[in-house]
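A.B. asks: Sequence and predicted structure below; questions after.
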Amino acid sequence: MQLKIRTYISLLFSFFVSISGFSKETETKIKAEKNNKPEKPNIIMILADDMGYSDLGCYGGEINTPNLDKLAHNGIRFTQMHNTAKCFPSRACLLTGVYAQQSGMSQNPDSFKNTISIGDLLRTVGYRTFLSGKNHSKTSLYNFGFDRVYEFWGGATNHFNPGEQRMDEPVPIFKGGPDTWNIDDKSYHPYTPPKDFYSTDYFTKYAISFLDEYKSENKPFFLYLAYTAPHDPLMAWPEDIAKYRGKYKAGYKTIRDARYKKMLELGMVDQSMKLSEQTAIDWESLTEEEKDQEDLRMSIYAAMIDRIDQNIGKLLKKLEETGKLDNTLILFASDNGACAENAEGNIKNPKGTGEPGTLAYWASLKENWANVCNTPYRYYKNSSYEGGICTPFIAWWPKKIRQEGTINTQPLHFVDILATFKDITGASYPTHFRNQEIVPMQGESFLPALKGETIKERQKPIFWQWAKGKAIRVGNWKAVAISDVWALYDMQTDRNETNDLKAKYPDKFQELVKLYDEWATKNVPTVGPKEKNDKEEKKGKKEKTKTTFS
């Protein structure tokens, strides 16, 4: 049947050519141009959750990430891609190409307004669109530009069982109870999966099933694969944890120093950059039992990242089997820096009835290891300092990226991703959509960097605001604050933010703060995050004392 249709179309084209008076040469030229038209690439955006800047092997870490390392060494590593320091506003920025303050997503997970999604944009130019993973809004992405979805609506959940107790298993631990899950247009609350469920495995499983289902379709696809790992609760398969047990008994400083040394060797940091001050406590102040518990804590976290990499390997294998690999752009990032919060302090009985790493124990990374994971930067998730907002960012695009293994130092933000996809696909960004006026696109395309070209100097400042953190970057200058305590840094020479220059350059400092205030007046809601967030922040205060599983 398809052969008959193609034959009919060919005859119709020839008839049109004959009656239009085109010469044989013109007909040949038209056919050649049609055949040489570049094929739109498949695009995959992979997002980790609460992962530190230096956790991946290709960014300086000791965690085993061979698949991501391969993508990095055959692609581009960006050293200054930025998120928003918090899960849901970061995901909102990435998805919509505008700041979370402009889409209704800056204070708490809510419904998107006055925006389109990447899925909406790419569907206008013929893409099939899939989401598998964490959504973290009150808008199902099935109604927001995606043809197929397997989505978790909340912020954190049990990685082994996000639903009701299963037969012959302990009661799964929760922080606030089970969340809603959606599979296309069907909603589940609670969602109780089979016993082989692990969030990272199942997000990948559904992603691959979508690709399989549409593999014969003559359309490019966009896959948004949004993991919840390594966000607490720290839970991992025993065999993955076992790979790392004992490795972290070397202690916080030893692991952090080793990471920094490797980052220097890889070219991820400059020799002139002063390593930020360590905030982790002295390892030798811990008892042997406490050292063992801290080793276990970090081993579980490492195992969660290891499992992400294993699943990316499965995805790459599927792309290769289906012949899609060579025409696919793959991007990888994290939605914020490693988290220093004591999430266990927010739960009445975090231990439940189980052991760390299992479905019945809600463990968290805490400050000491978060300081290591965010090497070389200061602070953590929730802060507008680089430790909160700077993410590893890998771009891999075979036969398109001209200089493999490149390290790019251009300052970028998640709002730039949609702008880049627009340029890659030739899509048009709308002014009105779904009977709403659409906020103008805020990002700037980094497509030239993917082609091995120099990105022109950024035209717009980059802004951050989440909770008590706020910042603005213009060129190499960054003004950043916790509450209203501001500092000024030259990011060309001091990406680690160790030398405050506001007293030395008062005019530049005032210029940036004025620009920030103008943006905030226009975009930032007059009230901060809801009272719930303030209470959670107080309950989950960062610890600078000895930490044990409790």
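C.D. replies: Done, it's in. Quick caveat: nothing in here was measured; it's all calculated off a predicted structure. Numbers count the residues shown, from 1 in each chain.
A.B. asks: Point out where the stretch 201-350 of the chain drops to low pLDDT.
C.D. replies: Applying pLDDT under 70 to the stretch 201-350 of the chain flags the ranges 345-350.
A.B. asks: ok, which stretches of it are strands?
C.D. replies: Ranges of strands in the stretch 201-350 of the chain, per DSSP state E, counting those that start in this stretch, are 221-226, 328-334.
A.B. asks: burial measure for the residue nearest to F144 when sequence neighbours are not counted, as a count.
C.D. replies: Once flanking residues are discounted, F144 sits nearest to S117: 4.9 Å by Cβ to Cβ, 6 or more residues apart in numbering. In this view, the C-beta of every residue, glycine as well, is placed from N, C-alpha and C. S117 has 26 neighbours, counted by other Cβ atoms under 10 Å.
A.B. asks: my guess is S117 contacts T96, does it?
C.D. replies: Yes - at 6.1 Å, S117 counts as touching T96 under the criterion of Cβ atoms under 8 Å.
A.B. asks: Report pLDDT for G352.
C.D. replies: We have a pLDDT of 67 for G352.
A.B. asks: ranges for the helices of the stretch 301-450 of the chain?
C.D. replies: Assigned by DSSP state H, counting those that start in this stretch, the helices in the stretch 301-450 of the chain fall at 366-373, 386-389, 415-425, 447-450.
A.B. asks: And the contacts of the first one?
C.D. replies: Meaning helix 366-373. The contact list for helix 366-373 (Cβ atoms under 8 Å, 6 or more residues apart in numbering) reads 51-55, 252, 255-256, 259, 278-281, 294, 297-298, 301, 337-342, 365, 380-381, 542-544, 547.
A.B. asks: can you give me how far it is from the chain middle?
C.D. replies: What separates the centre of helix 366-373 from the centre of its chain is 19 Å, taken as Cα atoms, centre = their mean, to the nearest Å.
A.B. asks: circling back to that earlier point, out of the helices of the stretch 301-450 of the chain, which is the most enclosed?
C.D. replies: Most buried of the helices of the stretch 301-450 of the chain by mean neighbour count (mean count of other Cβ atoms under 10 Å) is helix 386-389; its value is a mean of 30.
A.B. asks: Contacts for it next, please.
C.D. replies: 53, 82-85, 276, 336-338, 374, 377-383, 464, 469, 471, 495-497.
A.B. asks: one step back: mind checking the helices of the stretch 301-450 of the chain for the one nearest to R91?
C.D. replies: The closest of the helices of the stretch 301-450 of the chain to R91 is helix 415-425. By Cβ to Cβ, the value is 11.3 Å.
A.B. asks: can you give me the angle the closest one makes with strand 328-334?
C.D. replies: 180 degrees (axes from the mean of the first three to the mean of the last three Cα atoms, to 10 degrees).
A.B. asks: For helix 415-425, name the packing helices and strands.
C.D. replies: In this structure, helix 415-425 packs against strand 42-48, helix 87-96, helix 118-123, helix 447-450, with contacts taken as 3 or more Cβ pairs under 8 Å, 6 or more residues apart in numbering; DSSP states H and E.
A.B. asks: and the third one, what does it pack onto?
C.D. replies: The reference is to helix 118-123. Counting by 3+ Cβ pairs under 8 Å, 6+ apart, helix 118-123 packs on helix 87-96, strand 128-134, strand 221-226, helix 415-425.
A.B. asks: Tabulate the ones you listed in CSV, adding columns for distance to N161.
C.D. replies: CSV is the format used below for the helices and strands packed on helix 118-123 (distance: least, Cβ to Cβ, whole Å):
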stretch, distance to N161
helix 87-96, 21
strand 128-134, 16
strand 221-226, 20
helix 415-425, 33
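A.B. asks: my read: V98 touches Y429, true?
C.D. replies: No - V98 is beyond contact range of Y429, at 10.5 Å (criterion: Cβ under 8 Å).
A.B. asks: before we move on, the earlier item: just the buried members of the contacts of helix 366-373?
C.D. replies: The neighbour count (16 or more other Cβ atoms under 10 Å) marks 51-55, 252, 255-256, 259, 279-281, 294, 297-298, 301, 337-342, 365, 380-381, 542, 547 as buried among those.
A.B. asks: circling back to that earlier point, please enumerate the shared neighbours of V98 and Y429.
C.D. replies: Residues touching both V98 and Y429 (Cβ under 8 Å, 6+ apart): P440, M441.
A.B. asks: Between those two, tell me which one has more neighbours.
C.D. replies: V98 (24 against 16).
A.B. asks: ok, the more buried one - contacts?
C.D. replies: The neighbours of V98, taking Cβ under 8 Å, 6+ apart as the test, are T115, V415, V439, P440, M441, Q442.
A.B. asks: Would you list the phi and psi of it?
C.D. replies: phi -130, psi 160 (degrees, to the nearest 10).
A.B. asks: If I look at it, what pLDDT would I see?
C.D. replies: At V98, pLDDT is 98.
A.B. asks: I'd like to know how far it sits from T115.
C.D. replies: Distance, V98 to T115, by Cβ to Cβ, to the nearest Å: 6 Å.
A.B. asks: Quickly list what's touching both of the two.
C.D. replies: Counting by Cβ under 8 Å, 6+ apart, the residues touching both V98 and T115 are V439.
A.B. asks: And stretch 52-66, what's buried?
C.D. replies: 52-65.
A.B. asks: in this structure, which segments are predicted with low confidence?
C.D. replies: 1-38, 345-352, 526-550.
A.B. asks: just to revisit the earlier point, would you tell me which one of the helices and strands packed on helix 415-425 is buried the most?
C.D. replies: Comparing the helices and strands packed on helix 415-425 by mean neighbour count (mean count of other Cβ under 10 Å), helix 87-96 ranks first with a mean of 28.
A.B. asks: chain center to that one, what's the gap?
C.D. replies: 9 Å.
A.B. asks: Please enumerate residues in contact with the helix or strand that that helix is followed by?
C.D. replies: Using DSSP states H and E, the next helix or strand after helix 87-96 towards the C-terminus is helix 100-103. Helix 100-103 is contacted from outside by 84, 88-90, 92-93, 96, 106, 112-115, 439, 442, 465, 523-525, using Cβ under 8 Å, 6+ apart.
A.B. asks: pretty sure S187 contacts F152?
C.D. replies: No - if you go by Cβ under 8 Å, S187 and F152 don't touch, sitting 11.7 Å apart.
A.B. asks: picking that back up, can you check which of the helices and strands packed on helix 415-425 gets nearest to K195?
C.D. replies: Among the helices and strands packed on helix 415-425, the nearest to K195 by Cβ to Cβ is strand 42-48 (25.0 Å).
A.B. asks: Pull up the pairing partners for that closest one, direction included.
C.D. replies: Using DSSP bridges, strand 42-48 pairs in its sheet with strand 221-226 (parallel), strand 328-334 (parallel).
A.B. asks: Turn those strands into CSV, columns for mean neighbour count and distance to P356.
C.D. replies: Output for those, formatted as CSV (neighbours: other Cβ atoms under 10 Å; distance: least, Cβ to Cβ, whole Å):
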stretch, mean neighbour count, distance to P356
strand 221-226, 25, 25
strand 328-334, 24, 23
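A.B. asks: what would those strands look like in a markdown table with distance to Q459?
C.D. replies: Below are these laid out as a markdown table (distance: least, Cβ to Cβ, whole Å):
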| stretch | distance to Q459 |
| --- | --- |
| strand 221-226 | 26 |
| strand 328-334 | 22 |
